[in-house]
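> Sequence and predicted structure are below.
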Amino acid sequence: MQKINLAIFCAFISLTGLLSCGPNMVYENTVPLPPTGWHKDTVAVFKSNVTDLNKSYHLLLEVENTDAYSYSNIWFFVDAISPSGHVQRDTVDCPLANDAGQWYGKNSWGSKVFSSMHPYKLNIRFPETGVYKYYVVQGMRDTVLSGVAGVGIKMMEVE
């Protein structure tokens, strides 16, 4: 278990390093989720326009959770659809808390919402220009998942 915690810690430190170098954010959007919970059939939809095939990008998933969230991680099913219609489905596990139950990520002073960033695809090049669509659904066993305030995608150029 110690190795897993160390690996998670190293991943967050690396991600913090990526974000602190003044990345060129080319897309950023967060979908707020209802306070009554995130139903397993509710899809968060994101659309980003890719214009430069010569650049590499990092794609990150953002999770906003509250203390009402009952788990230490969250699973997502992400469908990435290219402009020509090619679909790639990914299953992504995002750790949200350590073994002691302390939330990863940050919260604004006085806020009860914790925001954490998780690598989805790092250092990728897109094969074609146009609008890429991302459909994100929660992959937990709960039909209605409480304690998730929002989910987002960020895309930044790699420098």
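The structure has been received and is ready for your questions. Numbering: from 1, shown residues only.
> What residues are bridge-paired with the spatially most central residue of the chain?
For the chain, the residue nearest the mean C-alpha position is Leu61 (1.2 Å; C-alpha atoms, centre = their mean). Per DSSP bridges, the residues bridged to Leu61 are His118, Ile153.
> cool, and Gln88?
Applying DSSP bridges, one finds that Gln88 bridges with Ala80.
> What pLDDT does the model give it?
The model reports Gln88 with a pLDDT of 98.
> I figured it hits Ala80, correct?
Yes - applying C-beta atoms under 8 Å, one finds Gln88 in contact with Ala80, separated by 4.8 Å. In this view, the C-beta of every residue, glycine as well, is placed from N, C-alpha and C.
> Counting neighbours, go ahead and name the busier of these two.
The neighbour comparison of Gln88 against Ala80 (other C-beta atoms under 10 Å) goes to Ala80, with 19 against 10.
> Could you measure from the more buried one over to Lys133?
Separation of Ala80 from Lys133 (C-beta to C-beta, to the nearest Å) stands at 8 Å.
> next one: Val31
Note on Val31: its distance to Lys133, by C-beta to C-beta, is 13 Å.
> joint contacts of those two?
45-46 (C-beta atoms under 8 Å, 6 or more residues apart in numbering).
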